[in-house]
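>>> Output the structure for:
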Amino acid sequence: MDYQVATTADYIDYGLSEPCQKTSVKQIAAKLLPPLYSLVFIFGVVGNLLVVLTLIKCKKLKNMSDIYLLNLAISDLLFLLTLPFWAHYAVYKWVLGDAMCKLFTGLYHIGYFGGIFFIILLTIDRYLAIVHAVFALKARTVTFGVVTSVVTWVVAIFASLPGIIFTRSQKEGLHYTCSPHFPTNQYHFWKKFQALKMVILGLVLPLLVMTICYSGILKTLLRCRNEEKRQRAVRLIFAIMIMYFLFWTPYNIVLLLTTFQQFFGLNNCQSSNRLDQAMQVTETLGMTHCCINPVIYAFVGEKFRSYLLGFFQKHIARRFCKRYPIFHREASERGSSVYTRSTAEQDLSVGL
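Model prediction:
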């Protein structure tokens, strides 16, 4: 987020050949970002909260996959909870002071890196469960999942530290901003370091792990005798890789172009403005991956969908019927009038 915030402010980038005012970039951000961030926030928070509640209330966190799924959802929620403040900032500038600037920047980065690292852990978990099933029986325990999750959070915090340390709120012109301010004598080093870190940890590493692990999974699945099960698993694997690649690759490419403008011959005001606009669009596209995560990693599974249905009927529909008894009576009458042996068996099959 600090890159997006920095590019929407008026400044002279040392890589540009002439001073560049970015008023048009700020105007577009003020109109474009709030509605987009709001949609991502609403759908992402609802989806990930459902994952958290279902895992805790229904599945009871019985295996390592559940632990990683829970932490992935928490990472996405940390990331998403900062969006309303960035949306407000895009329109009204920063009004919350330096401490809140660092806090929300930290939550954004910790949620971002945490989400990536837990996707990597889920990928490795799937690999062990399918390719090394015997070893996985001993290794894929709840205790090991908790320990590796704690280590992962620590690594995510360390990866976020430069962004937290260098980001601050200060007055620029008539308004306050919340953006990274690298030391003048080390500006280029830290700017390039931050960009390369984001690209390596956010794109290169997860795609490398996915390629290696899912290649091994595909080889194992191709020997599977259940044709339907094999095709469903293969489709899911390709969906995970393609979705991640489509949502985050554009942002990382634009980030590299923005950071190395002079190297790519883009160190002019017109190109810089276009890159800043592209940064806003591609970063928002990447954010929407938080909304896709619950669908890919949780809701596509038949067991998880049955748990979700059970949670909805037990904790939401029942309370709604108690509050409005007329719906409870109507539902009971309809149920008794059409109840058969087949419907009873169907109810038992979904865990009601």
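>>> what comes into contact with stretch 247-257?
With contacts defined as CB atoms under 8 Å, 6 or more residues apart in numbering, stretch 247-257 is touched by 3, 195, 198-199, 202-203, 264, 266, 275, 278-279, 282-283, 285-286, 288-289, 292. C-beta coordinates here come from the backbone N, C-alpha and C atoms, glycine included.
>>> make it 10 Å
3-4, 116, 192, 194-196, 198-200, 202-204, 206-207, 263-264, 266, 271, 274-292 (CB atoms under 10 Å, 6 or more residues apart in numbering).
>>> same thing with stretch 132-148?
61-71, 117-118, 121, 124-130, 216, 220.
>>> Counting neighbours, what do you get for residue 204?
12 (other CB atoms under 10 Å).
>>> From residue 35, how far out is it?
Residue 204 is 32 Å from residue 35, where distance means CB to CB, to the nearest Å.
>>> quick one on the thing from earlier: which members of the contacts of stretch 132-148 occur in strands, if any?
Nothing among those maps onto strands, per DSSP state E.
>>> Quick one, which of those are buried?
Taking 16 or more other CB atoms under 10 Å as the criterion, what is buried in the contacts of stretch 132-148 is 63-71, 117-118, 121, 124-130, 216, 220.
>>> Keep only those of these that are in helices.
Among the buried ones among the contacts of stretch 132-148, the members falling in helices are 64-71, 117-118, 121, 124-130, 216, 220 (criterion: DSSP state H).
>>> so what secondary structure elements neighbour the host helix or strand of residue 50?
Assigned by DSSP states H and E, residue 50 belongs to helix 23-54. Other elements packing on helix 23-54 under the criterion 3 or more CB pairs under 10 Å, 6 or more residues apart in numbering; DSSP states H and E are helix 2-7, helix 64-81, helix 83-92, helix 269-287, helix 289-294, helix 302-311.
>>> mean confidence for the fifth one?
Think helix 289-294. The pLDDT scores in helix 289-294 average 85.
>>> now do the third one
Here the mean pLDDT over helix 83-92 is 89, rounded to a whole number.
>>> Next, the buried residues of that helix.
Result for helix 83-92 [16+ other CB under 10 Å]: buried residues 83, 85, 86, 87, 88, 89, 90.
>>> For it, what is the distance to the chain centroid?
The chain centroid and the centroid of helix 83-92 are separated by 19 Å under CA atoms, centre = their mean, to the nearest Å.
>>> which helices and strands sit right next to it?
Short answer (3+ CB pairs under 10 Å, 6+ apart): helix 83-92 packs on helix 2-7, helix 23-54, helix 97-131, strand 175-180, helix 269-287.
>>> what about 6 Å?
Judged by 3 or more CB pairs under 6 Å, 6 or more residues apart in numbering; DSSP states H and E, the packing partners of helix 83-92 are helix 23-54.
>>> List the buried residues for the helix it packs on?
Quick answer for helix 23-54 (16+ other CB under 10 Å): 25-26, 28-30, 33-34, 36-37, 40-41, 43-45, 47-48, 50-54.
>>> Next: stretch 182-193.
For stretch 182-193, burial by neighbour count (16+ other CB under 10 Å) applies to 182, 190, 191.
>>> For that stretch, give the distance from the opening residue to the closing one.
End-to-end distance for stretch 182-193, by CA to CA, to the nearest Å: 11 Å.
>>> pLDDT of that stretch, averaged?
Over the span of stretch 182-193, the pLDDT mean works out to 87.
>>> ok, now stretch 137-155?
91.
>>> buried stuff in that stretch?
Applying 16+ other CB under 10 Å to stretch 137-155 flags 140, 145, 148, 149, 152, 153 as buried.
>>> next one: stretch 283-292
283, 284, 285, 286, 287, 289, 290, 291, 292.
>>> Let's have those in JSON lines, adding distance to residue 112.
As requested, the buried residues of stretch 283-292 are arranged in JSON lines below (distance: CB to CB, whole Å):
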{"residue": "283", "distance to residue 112": "10"}
{"residue": "284", "distance to residue 112": "13"}
{"residue": "285", "distance to residue 112": "14"}
{"residue": "286", "distance to residue 112": "9"}
{"residue": "287", "distance to residue 112": "9"}
{"residue": "289", "distance to residue 112": "10"}
{"residue": "290", "distance to residue 112": "9"}
{"residue": "291", "distance to residue 112": "15"}
{"residue": "292", "distance to residue 112": "15"}
